[in-house]
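> requesting a structural model of the entry that follows:
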Amino acid sequence: MNYQNLIHQYTKILEEFFTVKESLFEEFLNLTAESLKAGHKILVFGNGGSAAQAQHFAAELVNKFLKIRLPLKAISLTTDTSALTSISNDSSFEYVFSRQIEALGEKGDVAVALSTSGDSSNVIRAIEVAKRKELLTAGFTGKGGGQLSQLVDYLLDVPSESTPRIQEAHLLLLHLLAQELEERLG
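Numbers count the residues shown, from 1 in each chain. The predicted structure follows:
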């Protein structure tokens with residue numbers, strides 16, 4: 001395996017992302033910090049690897065990223081197995097995130113959707129509900145953002161179509177958010 005080639009691909013993707021999206025990323029970061037400072041929360045969600053990243057990000061905000069500090073309000077909508085399975089069983093997997101946003105989301109909160117394709121129906125439905133409830137919305141996606149590109153306030157699409165590269169970039173972006181939110185609010 002050519003590790004240097006993979007590292008070069010990843011570096012190129014990140015450089016291109018920040019060339020095009022840095023000011024948008026900063027604007028989203030600033031609004032998210034303001035939301036948390038005002039007592040609101042972050043609701044983060046996604047499927048598969050994105051679900052794991054949602055949980056990881058929420059844990060870093062609630063507990064710590066680099067330093068012990070006051071907790072920041074964040075909930076991963078992928079962790080409540082009773083809610084996930086009852087919603088899936090009683091209605092449809094398509095509603096697993098939107099029902100939770102209906103229950104937990106409040107005007108001023110931040111909804112962070114993680115989807116490499118931007119086309120996951122349960123993620124799209126959740127963003128639609130978040131918009132109706134007047135949450136700030138962001139979509140972390142792959143190149144172009146899929147259907148989420150037309151729905152979110154902030155499209156943070158990684159310029160790649162490779163799922164592993166997109167997920168790696170999402171992890172870095174979530175770490176940058178966690179670090180900066182911790183610095184500003186911790």
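> switch to C-alpha atoms for all contacts and neighbour counts from now on
Will do.
> ranges for the strands of the protein?
If DSSP state E is used as the criterion, the strands of the chain fall at 42-46, 74-76, 110-114, 136-141, 154-157.
> pick the most deeply packed of those strands.
Most buried of those, by mean neighbour count (mean count of other Cα atoms under 10 Å): strand 110-114, with a mean of 27.
> from residue 167, how far out is the residue sitting nearest the centre point of the chain?
Closest residue to the average C-alpha location of the chain: residue 112 at 3.5 Å, with Cα atoms, centre = their mean. Separation of residue 112 from residue 167 (Cα to Cα, to the nearest Å): 14 Å.
> quick one: residues contacting residue 171.
Counting by Cα atoms under 8 Å, 6 or more residues apart in numbering, residue 171 makes contact with residue 53.
> biggest helix in the chain, by residue count?
Longest helix of the chain, by residue count under DSSP state H: helix 3-37.
> determine how far that one lies from the middle of the whole chain.
A distance of 13 Å separates the centroid of the chain from that of helix 3-37, by Cα atoms, centre = their mean, to the nearest Å.
> how about it: buried residues?
Across helix 3-37, burial judged by 16 or more other Cα atoms under 10 Å covers 10, 13-14, 17, 21, 25, 28-29, 32-36.
> cool, and stretch 45-59?
For stretch 45-59, using 16+ other Cα under 10 Å, the buried residues are 45, 46, 47, 50, 51, 53, 54, 55, 57, 58, 59.
> for the first one, what are its contacts?
Right, residue 45. Contacts of residue 45 were listed using Cα under 8 Å, 6+ apart, and they are 51, 54, 55, 76, 77, 78, 97, 112, 113, 114, 123.
> recalculate using a threshold of 7 Å.
51, 54, 76, 77, 78, 112, 113, 114 (Cα atoms under 7 Å, 6 or more residues apart in numbering).
> ok, of these, which one's closest to residue 70?
Taking Cα to Cα as the measure, residue 70 lies nearest residue 76 of these, at 18.3 Å.
> for residue 15, see how far away residue 52 is.
The value you get for residue 52 to residue 15, if Cα to Cα is used, is 25 Å.
> just to revisit the earlier point, which two of the contacts of residue 45 have the greatest separation?
Farthest apart among these by Cα to Cα are 78 and 112. That separation is 12.2 Å.
> surely residue 161 and residue 143 touch.
Yes. If you go by Cα atoms under 7 Å, residue 161 and residue 143 touch, sitting 6.0 Å apart.
> and the two? Which one has more around it.
residue 143 (19 against 14; other Cα atoms under 10 Å).
> OK, contacts around that one?
Contacts for residue 143 were tallied using Cα under 7 Å, 6+ apart; they are 157, 158, 159, 160, 161.
> test my guess that residue 73 contacts residue 41.
Yes. Counting by Cα under 7 Å, residue 41 is a contact partner of residue 73 at 4.7 Å.
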